[in-house]
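Student: Predicted structure and sequence below. I'll ask about it afterward.
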Amino acid sequence: MMKILTTIRHGVVAASLALVALFAFNAPVLAHSMGPIHIESSFARASASPAAKSGAAYVTIMNKGDTADRLIGVEGDAASMIQIHKTEMANGVMTMKEVEGGLEIPAGGMIALEPGGNHLMMMGLKAPLVEGQTLPLTLVFEKAGKIDVEIPVLAPGAMMGEMDHSKMKQ
Ligand SMILES: [Cu+2]
């Protein structure tokens, strides 16, 4: 019995070391997941001016579960208010407004918040967003609860983030 336990323990240690190596290798891209909800990629745009009072962040969220979930809120210290926004054309004018009731992520589906579409809107930025830094945000899901993400801040005009390569083989 001891022999078997020791073998199992060694197996677990080996697996843990392999995981550490995997995460170390992928250090620039931070993967986060909670149960079936996976944050596949994310980025924020650096402030174009030090006087900027608002900013936007974008996430791609996958739901690997068999029931739908909803992104219902965003929390963080970076700004005095953070909302889930949608972009709409009204009378030829692009306007943004808060998404009522959050965004559904269908079972087995994926949603992408992207420039020109849905985004995480930060209003009342406490400091400008600086390229190369990370922005800590907490995504709030109806079922999965709160998931912390460290969002890489890219150039002011960035259109997409980097994919999380550590998930590609799954
Ligand atoms: Cu907005």
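Tutor: On my side now, so go ahead.

Student: avg pLDDT for stretch 46-65?
Tutor: Mean pLDDT, computed over stretch 46-65, is 95.

Student: How far off centre is it?
Tutor: Distance, stretch centre to chain centre, for stretch 46-65: 9 Å (C-alpha atoms, centre = their mean, to the nearest Å).

Student: First-to-last residue distance for it?
Tutor: 33 Å (C-alpha to C-alpha, to the nearest Å).

Student: how about it, does it reach the ion?
Tutor: No: under the criterion of C-beta under 5 Å from the ion, the ion is not reached by stretch 46-65; the shortest gap measures 6.1 Å. In this view, the C-beta of every residue, glycine as well, is placed from N, C-alpha and C.

Student: What are the buried residues along that stretch?
Tutor: Ala46, Ser47, Ala52, Gly55, Ala56, Ala57, Tyr58, Val59, Thr60, Ile61, Met62, Asn63 (16 or more other C-beta atoms under 10 Å).

Student: Domains in the chain, by residue range?
Tutor: Domains of the chain are assigned by automatic domain parsing as 1-30, 32-161.

Student: State the mean pLDDT of the shortest one.
Tutor: This points to domain 1-30. 45.

Student: Report the backbone C-alpha coordinates of stretch 99-117 in CSV.
Tutor: The C-alpha trace of stretch 99-117 is given here as CSV (Å, rounded to 0.1, in the frame of the first residue of the first chain):
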residue,chain,number,x,y,z
VAL,A,99,-25.7,46.0,-22.1
GLU,A,100,-28.9,45.2,-20.1
GLY,A,101,-28.8,41.9,-18.3
GLY,A,102,-25.3,41.0,-19.4
LEU,A,103,-24.1,38.8,-22.3
GLU,A,104,-25.1,35.2,-22.7
ILE,A,105,-22.4,32.6,-23.4
PRO,A,106,-24.3,29.6,-24.9
ALA,A,107,-23.5,26.1,-23.8
GLY,A,108,-20.5,24.9,-25.8
GLY,A,109,-20.2,28.4,-27.4
MET,A,110,-18.0,31.4,-27.4
ILE,A,111,-18.4,35.1,-27.3
ALA,A,112,-15.8,37.7,-28.4
LEU,A,113,-15.8,41.3,-27.2
GLU,A,114,-14.0,43.2,-29.9
PRO,A,115,-13.3,46.8,-31.0
GLY,A,116,-16.4,48.2,-32.7
GLY,A,117,-18.6,45.8,-30.8
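
Student: Mind checking if it is in reach of the ion?
Tutor: No: Stretch 99-117 lies apart from the ion when judged by C-beta under 5 Å from the ion; the minimum separation is 10.0 Å.
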